[in-house]
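*Asks:* sharing a model prediction with you, sequence too.
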Amino acid sequence: MSIKEKILQIAKQAKFASRVLANLSSRTKETALLRMAEALRANKERIKEENYKDVEKAKEKKFPCAFIDRLVLNEKRIERMILSLKEIAKLEDPVGKIESMQKRPNGLLVGKMRVPLGVIGFIYESRPDVTVDASALCLKSGNALILRGGSEAINSNIILTKILNEVLGEARLPVGSLQLIKTTDRRAVMDMLKLDEYIDVIIPRGGESLIRTVAESSTIPVIKHYKGICHIYVDEEVDLKMAEEIVFNAKVQRPGVCNAMETLLVHKKIAPDFLPLIIERFQKAGVEIRGDEKTLNLIKGIRKATEEDWSTEYLDLILSVKIVKDINETISHINKYGSHHSDAIVTTNYEKSRKFLQEVDSAAVFVNASTRFTDGGEFGLGAEIGISTQKLHARGPMGVNELTCTKFIILGDGQTRE
C-alpha cells in the first residue's frame, strides 16, 4: 500500500470513528481517560526506554539543548501527563450542552448545542507529551484524532499511542479513534492536507516554517499556533523586586517553549536602577542580552539588537531588551513586533494596567504575572492541543470547549412559515 493510500485509509477510519465518539456518554469518556492515566503509570519504564532512543539520536545530531529539553520524557513529565489525563477526565463534558435557548414570537424555541468538530489532524514537532494531551482532549470532546509527530520523537510517540490505544480497545471504541501516522516521509503530511472530505480541521504546532507550509498547502481549515514572541513591560510605577522575579521566571524557567519571554521592555525612568541588577542575574544564568542603543549606553559589553531581533522567537537563553519612554511606545512596539501570543505588564498603576489589557492585541494579556502561565493546564483546561494566535474560531490555549462548535437546534409544536 502506498503512503497516499495508507493516509486515505486512516482518514476514512477516523471519519467513521468520529460519528461514534460524538455520541459517547460522559461516563464512558471519563472512565477511558482515567484508565489511560493508570496505563501510563504502569508503563513508565517502557515510555522512558523508547524516549531515551529519541533523545540519544537528537544528541548525536547535535540538536540545541532547548530542542532536546522539549523532547525529554522524565519522571516529572510523565507524572504531569498522568495528572492531565485525570484533570481532563473530571472536566465538564461540553458535548450536548445547550446554550442561549430563546423563545420566538411564533413559539419556536431556538438554541445552540455544542458538538465535536469531527476529525482533527494534528501535526506537531518535538514534544511527545503533547501526544497524550491532544489524545485526551479529543476523546473528551468527542473528536477522532490523527497524529503526525516529528521524526525526532517517533519512538516516544509510537509507544504512547500504543498504550492509549490498548485502553481504547478495551473500551471497544473504533480503531480510528486515535491514530498515529508512523511514516516519517514528509509526503504523508502533504497527502493528509488534501483530505478535506474526511478531516474537518488541521492544527499545526511547531516551528514557523512548518505552520506556514501547512497553512499554504492545506485544503482543510487550519487553526494556527504561530511563534511566541512574548513581551514583558516593566513600568515606572512598579515593585522592582516583583518585576525582577517575574521577568527572570519568564525567560529562564523554561526558555525553549512558546510562552517564554523574548523581549523585555523597561520604562526609561527605572532603567538605571532595574536593568543593571536584572541583566547581571540573567547573565549569571547564561542568558545572552541584546539591547537597543539606550540599553547599550547603560550596560557595557552586551550585543546590539538588530531590527530582526525584535521579531525573533529565540526559544533559547537569548533576550532582547529595549528602554521605552512610556506605555504608549510599549503598546505600539508589542503590536508591531509581537506574534499575538502572550504579553505582560508589571505595574502598580491600575489605569495603566487597564490600558495594557485593552490595547495589546494578543491571545493572553497579563498584569503582574509571568507569561509562562499561558498554558491549558494553568488556565484550568487540563491541557491544550495548541495555543491559537488567530481569531477564528478559537484564540489562546485550546481545551475541550475549543474543540467543539455549535449547531442550531429548533423545537416546535407544528409551526409553519407563512
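*Replies:* Nice, I can see it. Just so it is clear, the model here is predicted, and its values are computed rather than measured.
*Asks:* go through the lengthiest helix in the chain and flag the buried ones.
*Replies:* Secondary structure assigned by DSSP state H gives helix 3-21 as the longest helix of the chain. Using 16 or more other CB atoms under 10 Å as the burial criterion, the residues of helix 3-21 that qualify are 3, 7-8, 10-11, 13-18, 21. (Glycine included, C-beta is placed from N, CA and C.)
*Asks:* let me know the closest of those residues to residue 220.
*Replies:* Distance to residue 220, by CB to CB, is smallest for residue 11 among the buried residues of helix 3-21, at 10.3 Å.
*Asks:* just the pLDDT at that closest one, thanks.
*Replies:* Residue 11 is assigned 98 on the pLDDT scale.
*Asks:* so that it lines up with my notes, have the first residue be 621 from now on.
*Replies:* Done: numbering now begins at 621, and the last item shifts to residue 631.
*Asks:* who touches the closest residue in space to residue 747 that isn't next to it in sequence in this structure?
*Replies:* If the residues on either side of it in the chain are set aside, residue 747 comes closest to residue 690, at 4.9 Å by CB to CB, 6 or more residues apart in numbering. Going by CB atoms under 8 Å, 6 or more residues apart in numbering, residue 690 touches 746-747, 876-877.
*Asks:* next one: residue 690 from residue 826, what distance?
*Replies:* 10 Å (CB to CB, to the nearest Å).
*Asks:* what do you get for residue 632?
*Replies:* For residue 632 relative to residue 826 (CB to CB), the value is 26 Å.
*Asks:* ok, residue 889 next?
*Replies:* 40 Å.
*Asks:* same deal with residue 1033?
*Replies:* 52 Å.
*Asks:* swap in residue 765?
*Replies:* On the measure of CB to CB, residue 765 and residue 826 end up 17 Å apart.
*Asks:* so which of residue 1033 and residue 826 has more stuff around it?
*Replies:* Taking neighbours as other CB atoms under 10 Å, residue 1033 and residue 826 compare with residue 826 leading, 21 against 7.
*Asks:* list the contacts for the more buried one?
*Replies:* Residue 826 sits next to 743-746, 770, 845 when contact means CB under 8 Å, 6+ apart.
*Asks:* again, only using 6 Å
*Replies:* 744-745 (CB atoms under 6 Å, 6 or more residues apart in numbering).
*Asks:* so what's the residue nearest to residue 747 scoring on pLDDT?
*Replies:* Model confidence at residue 690, given as pLDDT, is 91.
*Asks:* with pLDDT, neighbour count and distance to residue 721 as extra columns, can I get the contacts of residue 690 in JSON lines?
*Replies:* Converted to JSON lines, those look like this (pLDDT from 0 to 100; neighbours: other CB atoms under 10 Å; distance: CB to CB, whole Å):
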{"residue": "746", "pLDDT": "86", "neighbour count": "24", "distance to residue 721": "44"}
{"residue": "747", "pLDDT": "92", "neighbour count": "23", "distance to residue 721": "40"}
{"residue": "876", "pLDDT": "88", "neighbour count": "19", "distance to residue 721": "46"}
{"residue": "877", "pLDDT": "91", "neighbour count": "17", "distance to residue 721": "41"}
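*Asks:* those residues into CSV, with extra columns for secondary structure and distance to residue 927?
*Replies:* Conversion of the contacts of residue 690 to CSV gives the following (DSSP: H, G, I helix; E, B strand; the rest coil; distance: CB to CB, whole Å):
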residue, secondary structure, distance to residue 927
746, coil, 28
747, coil, 30
876, coil, 24
877, coil, 25
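*Asks:* dump the helix or strand harbouring residue 954 to PDB, restricted to CA.
*Replies:* Residue 954 is part of helix 947-957 when elements are defined by DSSP states H and E. Taking only C-alpha atoms (Å, rounded to 0.1, in the frame of the first residue of the first chain), the coordinates of helix 947-957 have been written out as PDB:
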ATOM      1  CA  ILE A 947       3.300  52.800  27.900                       C
ATOM      2  CA  ASN A 948       2.100  54.100  24.500                       C
ATOM      3  CA  GLU A 949       5.500  53.300  23.000                       C
ATOM      4  CA  THR A 950       5.400  49.900  24.700                       C
ATOM      5  CA  ILE A 951       2.000  49.000  23.200                       C
ATOM      6  CA  SER A 952       3.000  50.200  19.700                       C
ATOM      7  CA  HIS A 953       6.200  48.100  19.900                       C
ATOM      8  CA  ILE A 954       4.200  44.900  21.000                       C
ATOM      9  CA  ASN A 955       1.500  45.300  18.400                       C
ATOM     10  CA  LYS A 956       4.100  45.900  15.700                       C
ATOM     11  CA  TYR A 957       6.700  43.100  16.500                       C
END
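*Asks:* which residues touch it?
*Replies:* Helix 947-957 has contacts (CB under 6 Å, 6+ apart) with 851, 853, 885, 930-931, 944, 963, 972, 979-981.
*Asks:* would you write a ChimeraX line that selects the buried entries of these?
*Replies:* Here is the ChimeraX command that selects the buried residues among the contacts of helix 947-957 (16+ other CB under 10 Å):
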select :851,853,885,930,944,963,972,980
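*Asks:* could you list the domains of the chain?
*Replies:* Listed domain ranges for the chain are 623-843+1018-1031, 850-993 (source: automatic domain parsing).
*Asks:* residue 1011 is nearest to which of those?
*Replies:* When the domains of the chain are ranked by proximity to residue 1011 (CB to CB), domain 850-993 comes first, at 8.7 Å.
*Asks:* thinking again about what came up before, which positions in the helix holding residue 954 come out as buried?
*Replies:* 947, 949-951, 953-954, 957.
*Asks:* do a quick rundown of the helices in the protein.
*Replies:* 623-641, 646-662, 664-680, 685-691, 695-710, 749-760, 774-790, 807-812, 828-837, 860-872, 891-904, 913-918, 947-957, 970-979.
*Asks:* which one of those helices has the lowest average pLDDT?
*Replies:* Looking at the helices of the chain, the lowest mean pLDDT belongs to helix 685-691 (a mean of 89).
*Asks:* report the buried residues of it.
*Replies:* 686-691.
*Asks:* and residue 775, how far is that from residue 627?
*Replies:* From residue 775 to residue 627 the distance is 21 Å (CB to CB).
*Asks:* now residue 716
*Replies:* 31 Å.
*Asks:* likewise for residue 881?
*Replies:* 39 Å.
*Asks:* same check on residue 647?
*Replies:* 33 Å.
*Asks:* same question, residue 807
*Replies:* 9 Å.
*Asks:* other residues contacting stretch 913-927?
*Replies:* With contact meaning CB under 6 Å, 6+ apart, stretch 913-927 is reached by 895, 899, 909-912, 940-941, 943.
*Asks:* if anything else comes up later, I'll come back, but that's it for now.
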